[in-house]
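In: Sharing a model prediction with you, sequence too.
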Amino acid sequence: MSRKITDIVVHDVRFPTSVRHEGSGDSMLDRVDHSCTYVILDTVDNTDTTKYQGYGIAATLGRGNELVVQTCKLMFELRVKNRTTEEIYSDFAKFWRELTTDVELRWLGPECGVVHLATAAIVNALWDLWARIEGKPVWKLLADMTPEQLVSTVDFRYITDVVTKEEAIQMLKENQDKEKKEKTLRSEGYPTYTSDVGRYTLRKQQVRSACSKFKKLDFTSFKTIVGPQVPESEYRCNVIRSVVGRKVRLMVDASQICESANEAITVVKGIKKTRPYCIEDPTSADDALEHSTILNELKTLEVKVTCGKTCTNRVMFKQFLKIGDTDFWSINVGRLGGVNEALAVYFMARKHNKPVWGHAGGVGLGEMIQHLQIWNHICLGARTGTDTDGMIEFVSHQHGYFVDPVFIRNAHYLLPQRPGFSTQLKNKCITRWSYPGGTRWKFIIQKKKEEKEKEKQKKKKRT
């Protein structure tokens, strides 16, 4: 059944997380508003009255979201409008390359930046649409494809020196116990860890309360923020350890704050007594060489190194394989060029025995990445739950605004059952939090204006 894609609606959705410090605040990103570019694709089929729409997301942090919104509209007019689903899905890799290689837009940044975020939003909406048409969640849509069909969605350009199309097909064919893995995941779910316990904006008692909450929910893996100030980082880790104990896994995230390998190594050595399991994003996400230095130095301390959530494309992951590398990767499907490029990263990881974890620290990221981590386990045989084997991050904000939100039980993601990519937002979310015209934002903006006016009047009186 082929449908024509006729229209796009793009919303600039922002949540004022900086006001109440919900989900905001780390060593690099202080006072941010978790946001997303929200794409809705409309389709028509003259022979079928069923209404199908595709919903896609790219996560941002407030300012600049409007740029991604406008880029989505431009890319739709140039590359998507009036195309049919049959045309796109029959050679998805070719279509994906068309989106990412527009000769003029590409000059703004090849497969990175605003254009690549817009690509992610549109591509993720197309996968949501495909899954809805087929009546399956995205993870099941992927799992039910033949190896050849699935690999046909991936553009292997620039990465054939580390993995080829033929190798990817063979990987999928070698995995013979898909049904058994799927049955196990349906019963047990996919393991998760939480980063809700260690934001910079949390006070000591708030950290303790968050730790107690997640400990009662059977979480055994926690992540906190660290920075170059070693005493402060050590204190934060000790507060967490005092509640969760010393046997559970404690990860630390530097959010690229360290300016050099030496600074990152100094931080880890300073908190070594708190038994950190790994350090995430210790320095610039682009610097594979410094990551390699950090990795080699920390082996003697038995502390692992990971990165990936800010990697903008598959080529960056290739650089880590060939130049530097880390112990495992964290993948962000809202920053890469959508599902297609994420699949390329999974194939690279599988060939080179690199565990992949799912990043979910933004609007809709948990809803999306669960599908890909589940597929990775079922179809590529990636292990879960032991040592560096795959886990998915969990943060507890904004899920209530989704029609099909993530569900956690016993510190495991439950498998999504509804058709789609779990990316549809509730109408009330758009009404309230579209920026700047949503009802809640109008109230907040008006309140800020009134406060500024009061401050002006006070200054006048003083003078």
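Out: Sure thing, it's come through.
In: Buried residues in the one helix or strand residue 69 maps to, which are they?
Out: Remark: residue 69 resides in helix 65-75, with elements defined by DSSP states H and E. Taking 16 or more other CB atoms under 10 Å as the neighbour-count basis, helix 65-75 is seen to contain the buried residues 65-69, 71-72, 75. (Each C-beta comes from the backbone N, C-alpha and C, glycine too.)
In: which SS class is the nearest residue to residue 137 once chain neighbours are set aside?
Out: Leaving out its chain neighbours, the residue that sits closest to residue 137 by CB to CB, 6 or more residues apart in numbering is residue 416, at 4.4 Å. Following DSSP: H, G, I helix; E, B strand; the rest coil, residue 416 is assigned to coil.
In: Next, count neighbours for residue 416.
Out: Applying the criterion other CB atoms under 10 Å, we find 23 residues in the vicinity of residue 416.
In: Touching, residue 356 and residue 344? I think so.
Out: No: when contacts are counted by CB atoms under 8 Å, residue 356 is not listed as touching residue 344 (12.0 Å).
In: For the two, work out which one has more neighbours and name it.
Out: Between residue 356 and residue 344, counted using other CB under 10 Å, the more crowded position is residue 344 (30 against 27).
In: Hmm, residue 313 and that one touching each other?
Out: No: distance between residue 344 and residue 313: 9.1 Å, which falls outside the contact criterion (CB under 8 Å).
In: give me the beta-bridge partners of the spatially closest residue to residue 80 that is not a sequence neighbour?
Out: Leaving out its chain neighbours, the residue that sits closest to residue 80 by CB to CB, 6+ apart is residue 5, at 5.8 Å. Per DSSP bridges, residues listed as beta-bridge partners of residue 5: residue 43.
In: dump the residue contacts of residue 5.
Out: Contact analysis of residue 5 by CB atoms under 8 Å, 6 or more residues apart in numbering lists 41-43, 80-85, 88, 129.
In: let's see 10 Å
Out: Shown here is residue 5, whose contacts under the criterion CB atoms under 10 Å, 6 or more residues apart in numbering are 41-44, 52, 54, 76, 80-85, 87-88, 125-126, 129.
In: Return the members of those residues classed as buried.
Out: Among those, the ones that count as buried by 16+ other CB under 10 Å are 41-43, 52, 54, 76, 80, 83, 85, 88, 125-126, 129.
In: Those in strands, which ones?
Out: Assigned to strands by DSSP state E, the following of those qualify: 41-43, 54.
In: Can you check which residues contact both of residue 356 and residue 344?
Out: With contacts taken as CB under 10 Å, 6+ apart, the residues that reach both residue 356 and residue 344 are residue 317.
In: how deep is residue 225 tucked in, by neighbour count?
Out: Using other CB under 10 Å as the criterion, residue 225 is surrounded by 25 other residues.
In: What's opposite it in the beta bridge?
Out: Per DSSP bridges, the residues bridged to residue 225 are residue 253.
In: My understanding was that it contacts residue 201; is that so?
Out: Yes: using CB atoms under 10 Å, residue 225 makes contact with residue 201 at a distance of 9.4 Å.
In: residue contacts, residue 443?
Out: For residue 443, the contact set (CB under 10 Å, 6+ apart) comprises residue 432.
In: Put the alpha carbons of the helix or strand where it lies into CSV.
Out: Assigned by DSSP H and E, residue 443 belongs to helix 439-462. As requested, the backbone C-alpha atoms of helix 439-462 are provided in CSV (Å, rounded to 0.1, in the frame of the first residue of the first chain):
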residue,chain,number,x,y,z
THR,A,439,-0.7,28.7,26.6
ARG,A,440,1.9,28.0,29.3
TRP,A,441,4.6,29.8,27.4
LYS,A,442,2.4,32.9,27.0
PHE,A,443,1.8,32.9,30.7
ILE,A,444,5.5,32.5,31.5
ILE,A,445,6.6,35.2,29.0
GLN,A,446,3.9,37.6,30.3
LYS,A,447,5.0,37.0,33.8
LYS,A,448,8.7,37.7,32.9
LYS,A,449,7.6,41.0,31.3
GLU,A,450,5.7,42.0,34.4
GLU,A,451,8.7,41.2,36.6
LYS,A,452,11.0,43.2,34.4
GLU,A,453,8.5,46.2,34.5
LYS,A,454,8.4,46.0,38.3
GLU,A,455,12.2,46.0,38.4
LYS,A,456,12.3,49.1,36.2
GLN,A,457,9.8,50.9,38.4
LYS,A,458,11.9,50.0,41.5
LYS,A,459,15.0,51.4,39.9
LYS,A,460,13.2,54.6,39.0
LYS,A,461,12.0,55.1,42.6
ARG,A,462,15.6,54.5,43.9
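In: which parts of that helix are buried?
Out: 440-441.
In: quick one: pLDDT of residue 27?
Out: Predicted confidence (pLDDT) at residue 27: the value is 51.
In: If you average pLDDT per helix and strand, which one of the protein comes out bottom?
Out: The helix or strand of the chain with the lowest confidence, counting by mean pLDDT, DSSP states H and E, is helix 17-20 at a mean of 78.
In: That helix: which residues count as buried?
Out: Neighbour-count burial for helix 17-20, with 16+ other CB under 10 Å as criterion, is recorded at 17-18.
In: Restricting to C-alpha, output it in CSV.
Out: Below are the C-alpha coordinates for helix 17-20, written out as CSV (Å, rounded to 0.1, in the frame of the first residue of the first chain):
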residue,chain,number,x,y,z
THR,A,17,13.2,22.8,32.8
SER,A,18,15.7,25.5,33.5
VAL,A,19,13.2,27.2,35.9
ARG,A,20,12.7,24.2,38.2
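In: quick one on the thing from earlier: tell me how far the helix holding residue 69 lies from the chain's centre.
Out: With CA atoms, centre = their mean, to the nearest Å as the basis, helix 65-75 stands 19 Å off its chain's centre.
In: Let me see the contact set for residue 246.
Out: When the contact criterion is CB under 10 Å, 6+ apart, the partners of residue 246 are 274-275.
In: What is the most widely separated pair among the buried ones among the contacts of residue 5?
Out: Distances among those were taken as CB to CB; the most separated pair is 52 and 76, at 16.6 Å.
In: which stretches of the stretch 151-300 of the chain form helices?
Out: Secondary structure of the stretch 151-300 of the chain (DSSP state H, counting those that start in this stretch): helices located at 165-174, 178-188, 204-216, 230-244, 261-270, 288-298.
In: Just read off the phi/psi values of the most centrally placed residue in the chain.
Out: Residue closest to the mean C-alpha point of the chain, counted by CA atoms, centre = their mean, is residue 332 at 3.2 Å. Its backbone dihedrals place residue 332 at phi -120, psi 100, with angles given as degrees, to the nearest 10.
In: Hmm, residue 366 and it touching each other?
Out: No: judged on CB under 10 Å, residue 332 makes no contact with residue 366 at a distance of 11.1 Å.
In: so what's in contact with those two at the same time?
Out: 358-360, 393.
In: Not counting sequence-adjacent ones, nearest residue to residue 112?
Out: Spatial nearest neighbour of residue 112, chain neighbours left out: residue 312 (4.1 Å); criterion: CB to CB, 6+ apart.
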